[in-house]
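> I would like to see how this sequence folds:
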Amino acid sequence: MKRTTTLLLLCVMAYTFASAQDEKAFPELKGPYLGQMAPGLTPVLFAPGIVSTGMNERDITIAPDGKEIFYGLTTGRTVTIMHSCYRNGLWTEPAVASFAVDDRFFYFEPCLSSDGNRIYFLTTMPANGKEPRPGWGHQNIFAADRKTDGSWGDPYDTGSNINGDMQQFYPSMTKTQKLYFCRTDPATRRNTVHRATIVDGVFTLSEKLPAPVNTDSTNPYNAYIAPDESFLIACIGEVTYEKNPGRPNYFIFFRNDDDTWSDPVPFGPEINIRGSGAMSSSLSPDGKYLFFAAQVNAYGKTEPGERTSLSRFKEISNSPQNGNSDIYWVDASVIEKLRSLSVNK
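Got it, this is the predicted structure:
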């Protein structure tokens, strides 16, 4: 018994020491955007080692006051939303968002409302009246509301006008409470971008955006709408972009005053990085920075006969730009430079 107690005590001490070391390992981050230096016209990794870590990260959304950050993370069988906030002059270590702790389900693609008091996201939680399904059996858009104490309430279904019999994903909200989202028809596997408006607290029946956004040749997905509804950035694999062939790329549609849309204009090779695939995009709350996800492998290939050690594999797996998805950011003025290239200005 004494030996068992001693071993238990040693285990507790070891755990306490490891936990203390982990807490010390997270750096003290001060200032906006996790204390990161703002980017210029060349995209750079966002918060390397903090947000962009070597796991798969994407889908970032930031509170209007800049003091909360949510983003999507996948690793192994985990698909979840991470959360960091600015508290007592420091950023907290990212942790699973409080509304995403039920690990029976997946959570992804967070999007904050313009006032920061509601967050929308993709989840595999069943809509009202439906039974749970394994894996990605359900793809619905749920929401959570901020409580008076600043914490977040439980997730809830956004209603049958959003969550029907198809697969709904990638919510994106305007300042006027219009929800843009994507939908996949399980039978045809075709994607379309839709729009719905809140009236008396309930979403209206959604409408499918017209051409040239939704066409047989575009098949857009993960579409982000600008808060002022002036443009939409979508991921498109069916339209060839010669500088990154064979991959889905980021395209932008500019919205006209009559609610028509320009033809899709591709971003340049700095954002449509060769060998990478488009996955998600968003703007900072002040509109100054564009965030996007990309997969870059900076480690290259081994030479013939070269052997890689286990420690090297561990280093690579815990480093950004290892071929998994990382989050990048760039000065948003790159968007206006594309406006002159749109067909319908």
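> neighbours around the closest residue to residue 332 other than its chain neighbours, how many?
The spatially closest residue to residue 332, leaving aside those adjacent along the chain, is residue 290, at 4.6 Å (CB to CB, 6 or more residues apart in numbering). For every residue, glycine as well, the C-beta is placed using N, CA and C. Under the neighbour criterion other CB atoms under 10 Å, residue 290 is assigned a count of 24.
> One more: residue 164?
If you count neighbours by other CB under 10 Å, residue 164 ends up with 14.
> so it, which of the three states?
What DSSP: H, G, I helix; E, B strand; the rest coil gives for residue 164 is coil.
> ok so, going back, tell me what the residue nearest to residue 332 is bridged to.
Beta-bridge partners recorded for residue 290 (DSSP bridges): residue 283, residue 330.
> same question, the one 5 residues further on
In this entry, residue 295 is beta-bridged to residue 325, by DSSP bridges.
> For it, give me the pLDDT.
As predicted, residue 295 sits at a pLDDT of 97.
> same check, this time on the one 5 residues further on
For residue 300, the model assigns a pLDDT of 77.
> Residue numbering should commence at 682 henceforth.
Sure, I'll start numbering at 682, so the last one becomes residue 981.
> Tell me, how many residues neighbour it?
Residue 981: 6 neighbours (other CB under 10 Å).
> Tell me how far it lies from residue 970.
29 Å (CB to CB, to the nearest Å).
> related to what we said a few turns ago, give the contact list for the residue nearest to residue 1013.
Residue 971 makes contact with 952, 962-965, 1010-1013, 1015-1016, according to CB atoms under 8 Å, 6 or more residues apart in numbering.
> Show me which of the residues you listed is closest to residue 976.
Nearest to residue 976 out of those is residue 952 (CB to CB; 12.9 Å).
> I figured that closest one hits residue 724, correct?
Yes: the pair residue 952 and residue 724 qualifies as a contact (CB atoms under 8 Å) at a distance of 6.2 Å.
> Quick check: neighbours shared by those two?
By the contact definition CB under 8 Å, 6+ apart, residue 952 and residue 724 are jointly contacted by 973, 975, 1009, 1011.
> ok, these vs residue 935, which is closest?
The closest of the shared contacts of residue 952 and residue 724 to residue 935 turns out to be residue 973 (CB to CB; 17.6 Å).
> related to what we said a few turns ago, please determine how far the residue nearest to residue 1013 is located from residue 1017.
To residue 1017, residue 971 is 11 Å away according to CB to CB.
> do the same with residue 884
The value you get for residue 884 to residue 1017, if CB to CB is used, is 31 Å.
> These two: who's more crowded?
residue 884 (20 against 9).
> mind checking the SS state of the nearest residue to residue 849 once chain neighbours are set aside?
In this structure, residue 849 finds its nearest non-sequential neighbour in residue 822, 4.9 Å apart by CB to CB, 6+ apart. Using three-state DSSP, the structure places residue 822 in strand.
> hang on, residue 822 packs against residue 841?
No: if you go by CB under 8 Å, residue 822 and residue 841 don't touch, sitting 11.6 Å apart.
> out of those two, which sits in the more crowded spot?
Legend: neighbour count by other CB under 10 Å for residue 822 and residue 841, higher for residue 822 (26 against 14).
> Show me what the helix or strand harbouring residue 761 is packed against.
In this structure, residue 761 sits in strand 759-768 according to DSSP states H and E. Under the contact criterion of 3 or more CB pairs under 8 Å, 6 or more residues apart in numbering; DSSP states H and E, strand 759-768 touches strand 749-756, strand 776-777, strand 788-793.
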